Each structure stands twice: as C-alpha cells, then as structure tokens.
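A.B. asks: Based on what follows, work out the 3D shape:
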Amino acid sequence: MPLPARSPRARRGRIAALLVPLTIATLASPTATADTVPDLVDDPVGYVDPFIGTAGGGNTYPGAVRPFGMVSWSPTTTPGDQTDTGAANGYHYDTTRVRGFALTHVNGAGCHPGAAGDLPIMPVTVPVDSSPSADATDEIYASDFDHENETAEPGRYTVTLDNGVRTDLSVTDRSGVGAFSFPQGDPASLLLRTSNSLNGSEEAEIEIDAESRTVSGSVLTGAFCGQRANGGENNRRSYYRLHFTAHFDTDFTEVGTWEDDTLLPGSTSASGGEGYDRDARRGTGSGGYVSFPEGSDVGVRVGVSYVSAEGARANLAAEVEDEDTVDTVAAQAHDAWSERLGAVAVGGGDDALYTEFYTALYRSLLQPNLVSDVDGRYPGMDGAPQRIVAGQRAQYTNFAGWDQYRAQIQLSALLEPEVTGDFAQSLLNFSEQNGDVWDRWVHVNGATHVMTGDPSAITLATFAAMGADGFDTEAAYASLRAQATEPHPDGLSDAGCPGQCEGQRPNLERYLELEYAPHDDCHCWGGGAETLEAAVADHALGQWARRLGLEEDAEMFAARGGHWRNVFDPDATEDAGYIRARNGDGSWVGSFDPASETGFAQGTAATYTWMVPHDVGGLAEAMGGREVAAERLDGFFRTPDGEWSVGGGDPLRYDPTNQPGLHAPWLYNGLGQPWKTQETVREVIDSQYGTGPSGLPGNDDLGTMSAWYVFASLGLFPQAPGRGELLLSSPVFTHARITPQGRAPITVTAPDAGADAVYVHEVTLDGAEHGASWLPESFLDEGGHLEFGLGTEADTGWATAPEERPVDH
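C.D. replies: This next block holds a predicted model:
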C-alpha cells in the first residue's frame, strides 16, 4: 500500500498518561521454576495504546472495537472539507476537528480517504437551521477538540469536544452503546449523516420515529481506493449496503432531515447519496437530526447489518440488553480483549516495550472482521444474502492479501486457528459467489482488485501449513488451482490498471507460455513484480498439493515456483544481477536502474530482487554464492560507510514502511550469517517502532506491520509463505508464553534479554541443544520450550553450518 513517513521509536509520546496500574502474574513454563520465571503481564489490555499509528502514516484509528468486530465506533476528523478526512480511515492525531463518530472502519489501509467510515453521528450545540450537507467546509456542524480531553482503550473511546459535549462510546461485535452529555445553556442535537461515508455513497435513506425514539436507515457505498490515480476510477462503485437502527433513551424535542442543501424541519424521512466524485460530492447527500432538552444526557444503542434492517434490529437485540450502559459494555469489551491478548504473556521488559508489543498484538487481531449477522446471514459477493455453511461459525471479511500474507495471516493462524479457518471458508464462499474468482483485496463483500498478485493462493496454502484447517480444503485447493491454471477473461482486461487490475492471474495464457509476465503485455501493475508474486503463489500451491497427496500438481507448481529466475538478469549492472521486467519478445525493459519502480508495485528493483523467500539458496546461487549474496544484503541495510539505513526514503535500501521487503532482514539465516538477522531485526524494532501516535513505520495495512513487530519481538518469523517453519532471532523479552487456541503452549525464555543483548549464542529446545536457526513445522502443533542464550557480541559460529541453515522446499 502507499508509502508514508517513518516513525522512530524515540517518539514515545503519551505513554505515561495512558498506562494504568497493571496486574502482574507469574506463569510457570514447562522447564522453568518459580525462581527463574519473571512476572508476566496479567492485564495486557492496560498496555494497549490505540493512538499508536494515528500519525506518521500508520492510518490506524483510536475508536471502540472488539476483536474481529463488525462495529468500530471512531471519530472522523476533518481538515475543513466534508469530502476529506485527516488521514485514510478517518482519523489523524494532528487533525483536531471532528464532524462525526462513524460506526465502521478498516485498520491501516493506505488509500486516502480510506474505506468505510459509515454512518457518522455528530453531537452539535448550535441550532440546526441549515442543511449539514451544505456545510462543505465543516465550519458549522463540526467541533474542535483537545487531546487532553480524549482517551481510548480497547473497546472504549471517550472525548469531550470543544462544543462541550462529552461523547463516550463502547461496542459489542455488531452493535454500539453511546452516551452524549450535552452542556447546559446550548441547543442539543445529534446529526445522523447517513450519506457521508468516507468515500461517498450512491444512495442513503433515513427514517425517524419520534414515538419509539428510533432512527433507522441505510447507506449504499463502497469505492475503496476509488480516489487513487493509478486506476482508482474503476473502483468508484457501490458493493455493499449497511443498515442501522438506533434507539435513544431520551424523548426528541425536534426532528428533521435534509437532502442536499435543503433542510426539512419536521420531516421524518430523507434519501439521497453523494456520489464518488469528490468535487461533485460537496454540498450533496442526506441525513437526519434529532434534538433534546438543553443539558441532556442522551444514551443510544445502535445495531448494524450488511444484510437487512431486520438483521440490524436482531443483532442489537441479541447483543445489547436494555439495562446495558457504556460502562457495562466496555467492561465486556475489556474481557473480550483480555482473553485474546492473553494468548501471549510476556515479561522481563519495560512499560514502553509492553505498550509497543500489546498494541501491535491488538492491531493484529482487529481483522478479519465479522460480516455475518447473529442468524448466520451475510451479504454475498454476488450481492444476494447468503448463509454460512455447515460447520462455519461466522463469515469474515476485509482481506488485504498482498499486504497480509507477509506476516499477519501467519500470526492469525498461530494464535486464532478457529477464526482463521472460518476466514478461509469465508474467502472460499466469496469466490464461489464471484464466478470462482478469488479477489486479492476484499472489502465487506466487494472485490476491489487492489494491488497485485494472487495472494489468496498464498494465504490459504499458509493456513493449511500452519494447521488452520477448519475449512473445505479440497474445494479451496481445487478452486485456487483452477485460478492458477485456467485463463480467465479478466486477465486480459486493463480495467483498474495498474493499481487495481481486475485479473487475479493477469494474461495467464501468455504467462504459462513464457514462464514470466511480459511487461508489455501483462495487464498488471508490473511484469517483474507479477512474476515474483506468481512464483511465491505457485510455490505455496505446490506445498499444499503435496500435503494433499497430489504429487503431479506438487511437481508442476514447484517448477513454476522457480519462474523468478526468468526475470533475474545477471548482467543488469556491471557489478550485479537484479530482478528486472522483460518484454514478451524476451528483451529486457528499457535501460536498467535498480532505484526504478518500472516493472514493480510500490517498490524498486533493489527491493524486489530479495522477494524470493521460498528459494533463498537459489537466489544466492544466482548472485554468485551465499557470501556474495550476504555482502549485497549488507548494502541493502547499510550505507557504504556502514551506517544503518532502514528508515525508508532511499530507493536502493530497505523500506520498513511497505511490504515487499519485510522478510529481508531474516534472509541472513538462509545465507548462513544469522547474527546479521539478529542485529538488523533489532535495529528495525528500535528505530522504526515506538510508542505515541507515530509509533508505526507505515500503513498498518490490516495488521501487517503490527504482526511483523509481534513476531520480531518474540524472536520468531515465518520462513516462507505456504510453509510453517519459523526462523529464529533474538527475543526482546526474558520470557514469553504463547498459548494458541486448541494447541500446546510455546514458551520462549531469554534470561539475558535486554537492549544490548542482541545476539544469539545458543538455543535449547525442550532442554536439548538446538543448533539450527529455524524450527520445523511440527513445533506449531507440538509446542515446547525454547531458551535463548543471548549476548552483546555477535556469535559468528552459531547456526552457520550448511545443515543448520533453513531448508528451501
């Protein structure tokens, strides 16, 4: 996703104000004694800071949400334009004016103005005497606020606006409970901006029933990444309708609606969308308002559904009791988060490390998101209501495949195999409703085509490898095999190109013929990137085929996993070979510059050359051997004078703000120099992550950057997509206990862990010496106790022998 500014760890920000007194517990590991196990965090929720990543390009939001929740109630900040927002996904820490509190969000996606942000509700203390849609600059019906009057914790968000209204919000999975405390002496009204989703809307409607103190309606919207200049206009379309019902505990003194620039006092219904053209949207749209006595404390319970108005009412009735308050719902949300975050208990760190870690884990578990109602119905990708299949607990959505397959899906499979299995089934369900096409970026029930490659194949193969198999594996494999072997008409379309091309396997017939993606006939973002993505996907499918006993398929896809070699030009420069785009006639594209993005997607040749995680040995051989490859990798992370360069901004070096190179620090393990993985990973942790609003290096992209941090802090990282092996580095905590759902526990101890103890000197697994820099797939199911001996000086002998290096499959 798009490249934002770096965010150094030194910006620790609000930690002192946000941390609360925390309970610590001691948990014994299988081999440890009470004298050797440190106190472990017992209330991880207290360490989560939802403001981390709300500045510096993280594009996160601070509002109330539960694990994998459908509802995420959070402010929409405005720079003074009702068609814009402070940052993608609705909130930027440095933009301190609000025009509403919206009920849906996506975590960390990069397309501005983001996705969702549906059904914003705004408390105002001025007379409603003109249409809020006519307030194009958010001058009248918006309010400033001060961060001193704002707090956020998992499942709850509270702010007192400068207009005097205290807003307190909490949520269940599919509903929300809010309290709006209005000041004395001023008018008191709530605006329901039904048409004002972040990207606009095609239609919206609202109905007000004063007798029952109920407001209901819906918005028809979508348009994710529709404002991007690289094909976004193809996504300026609707694909979901969100229904809502809101029940208030205070009688209305006045009601009204508006349509475009016309205010309709006393009206109880209105309709009209805004469209998706930002310039044309200004001044358009519809909504309604309800007013209360001055100084009122107004409570509201809101339910939503992507299926129907009846579904919204049923979701609210099932999840919120009449006597529930913000406090009671927030307490339930705290417990829900405590259970999920408690799957990883760490100790031996400091408050800053705990805050970074548990906030990253929190962000990693925000998605996938529920899209099915309590009765199991959900919106199909064909636009019709569907129902979950037998054995499926819920339908989930929001899949940023190109981003998430680098780290987030593996963490999900490790910690949440049941949710992950349901998510895999959800993607299969969507594909069956979409003409058997698996889309690379799914938002709600929309196929948005954003980014490049075929990450669905990678994702489900990885789920299978990591034991998250609660889905129809044979049907899923067969469908993804067909997508990888049978050309589809979309593969010849340039609609949405280059950034959201409709073909999931672009020009597959030509690809199978040439064994690379021809840049001049690709119908994709770039031939070099597309070839690498296809190679990773095919390798993953081959691994999955072997698990299913399909040896012919396994051999076929294994061979295709080596097609990256066909875009490796050994003579790209006088000194070195690089991955490079080539034309259909076999010629290389243009004059070569390793700093160029020609042929690639949001990255340069210098970055993409390392994107062969499944064949590190083969890549090293192509470069001239492991020593040569390691020396080149040194230059990817350091300047010629040896200084670190891991902050992004240099097109020839590592960029922590985007996904194609996220695995690169771990390649040293495969090159036989694992001490360099240890020092590089620690440098990225220390310099690019931190506390405070700028504590993420780039767009979180549905938990990807956060999941990278979680793995790195534990001293573990997935070796390759489609496999379950884990690479080893140095943990930052002295103790961690991982208790995956339904699996044996994993305990990681490093008694000497600390800021300077970067290097691994020895590892034992269940008390026996472990000389390899990786763990087998069996470790995921069997669990065990890892103990690291760490030091301040590099041990250049540990795990360097050929038999101790990770195995390429």
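
A.B. asks: which stretches of the stretch 151-300 of the chain form strands?
C.D. replies: 156-161, 166-171, 175-181, 188-192, 203-209, 214-222, 238-248, 254-259, 262-265, 269-271, 286-292, 297-305 (DSSP state E, counting those that start in this stretch).

A.B. asks: what do you get for the stretch 1-150 of the chain?
C.D. replies: Going by DSSP E, counting those that start in this stretch, the stretch 1-150 of the chain shows strands at 24-26, 39-41, 64-65, 72-77, 97-102, 121-124, 143-153.

A.B. asks: sorry, back to before: let me have the strands of the stretch 151-300 of the chain in CSV, extended by mean pLDDT.
C.D. replies: Shown next, in CSV, are the strands of the stretch 151-300 of the chain (pLDDT from 0 to 100):
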stretch, mean pLDDT
strand 156-161, 98
strand 166-171, 98
strand 175-181, 98
strand 188-192, 98
strand 203-209, 98
strand 214-222, 98
strand 238-248, 98
strand 254-259, 98
strand 262-265, 98
strand 269-271, 98
strand 286-292, 98
strand 297-305, 98
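
A.B. asks: Ramachandran angles for Met620?
C.D. replies: Heads up, residue 620 is Ala, not Met. When quoted as degrees, to the nearest 10, the phi and psi of Ala620 stand at phi -60, psi -40.

A.B. asks: Begin at 142, not 1, for the rest of this chat.
C.D. replies: Sounds good: first residue 142 from here, last item Ala761.

A.B. asks: Buried residues, stretch 558-572. List them.
C.D. replies: 558, 560-572 (16 or more other CB atoms under 10 Å). No exception for glycine: its C-beta is placed from N, CA and C like everyone else's.

A.B. asks: rewinding a little: mean neighbour count and distance to Ile826 for the strands of the stretch 142-291 of the chain - can I get that in CSV?
C.D. replies: Formatted as CSV, those follow (neighbours: other CB atoms under 10 Å; distance: least, CB to CB, whole Å):
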stretch, mean neighbour count, distance to Ile826
strand 165-167, 12, 23
strand 180-182, 19, 18
strand 205-206, 32, 26
strand 213-218, 29, 27
strand 238-243, 26, 33
strand 262-265, 26, 39
strand 284-294, 16, 24
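
A.B. asks: rewinding a little: which stretch among the strands of the stretch 292-441 of the chain comes nearest Gln684?
C.D. replies: Within these, the stretch nearest Gln684 is strand 379-389; the backing value is 32.7 Å (CB to CB).

A.B. asks: For that closest one, enumerate its sheet partners and note whether each is parallel or antiparallel.
C.D. replies: Neighbouring strands of strand 379-389 in its sheet, by DSSP bridges, are strand 355-363 (antiparallel), strand 438-446 (antiparallel).

A.B. asks: Arg377 contacts Asp418, doesn't it?
C.D. replies: Yes - in this structure Arg377 lies within contact range of Asp418 using CB atoms under 8 Å: 7.4 Å.

A.B. asks: which one of the two has more residues nearby?
C.D. replies: Ranked by neighbour count (other CB atoms under 10 Å), Arg377 and Asp418 place Arg377 first, with 18 against 15.

A.B. asks: who touches that one in this structure?
C.D. replies: Contacts for Arg377 (CB atoms under 8 Å, 6 or more residues apart in numbering) come out as Ala364, Gly367, Tyr417, Asp418.

A.B. asks: Could you report the pLDDT at it?
C.D. replies: On the pLDDT scale, Arg377 is placed at 95.

A.B. asks: ok so, going back, among the strands paired with strand 379-389, which comes closest to Phe929?
C.D. replies: The nearest among the strands paired with strand 379-389, by CB to CB, is strand 438-446 at 46.1 Å.

A.B. asks: Quick check: buried residues in that closest one?
C.D. replies: Buried, per 16+ other CB under 10 Å, within strand 438-446: Val439, Gly440, Val441, Arg442, Val443, Gly444, Val445, Ser446.

A.B. asks: Need the residue closest to the centroid of the protein.
C.D. replies: Leu843 (0.7 Å; CA atoms, centre = their mean).

A.B. asks: doesn't Asn539 make contact with that one?
C.D. replies: Yes - judged on CB under 8 Å, Leu843 makes contact with Asn539 at a distance of 6.3 Å.

A.B. asks: got any residues that touch both of the two?
C.D. replies: The overlap between the contact sets of Leu843 and Asn539 (CB under 8 Å, 6+ apart) consists of Val247, Gln508.

A.B. asks: who's in contact with Thr237?
C.D. replies: So Thr237 contacts Thr218, Asp285, Phe286, Asp287, His288 (CB under 8 Å, 6+ apart).

A.B. asks: hang on, the earlier thing: so which of the strands paired with strand 379-389 comes closest to Glu934?
C.D. replies: strand 355-363 (55.1 Å).

A.B. asks: how about the CA coordinates for the closest one, as PDB?
C.D. replies: Included here for strand 355-363 are C-alpha records, laid out as PDB according to Å, rounded to 0.1, in the frame of the first residue of the first chain:
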ATOM      1  CA  THR A 355     -35.900   5.300  17.000                       C
ATOM      2  CA  VAL A 356     -33.900   6.300  13.900                       C
ATOM      3  CA  SER A 357     -33.100   3.800  11.200                       C
ATOM      4  CA  GLY A 358     -31.800   3.700   7.600                       C
ATOM      5  CA  SER A 359     -29.000   2.600   5.400                       C
ATOM      6  CA  VAL A 360     -26.200   3.600   3.100                       C
ATOM      7  CA  LEU A 361     -25.200   2.100  -0.200                       C
ATOM      8  CA  THR A 362     -21.500   2.600  -0.700                       C
ATOM      9  CA  GLY A 363     -18.100   1.100  -1.400                       C
END
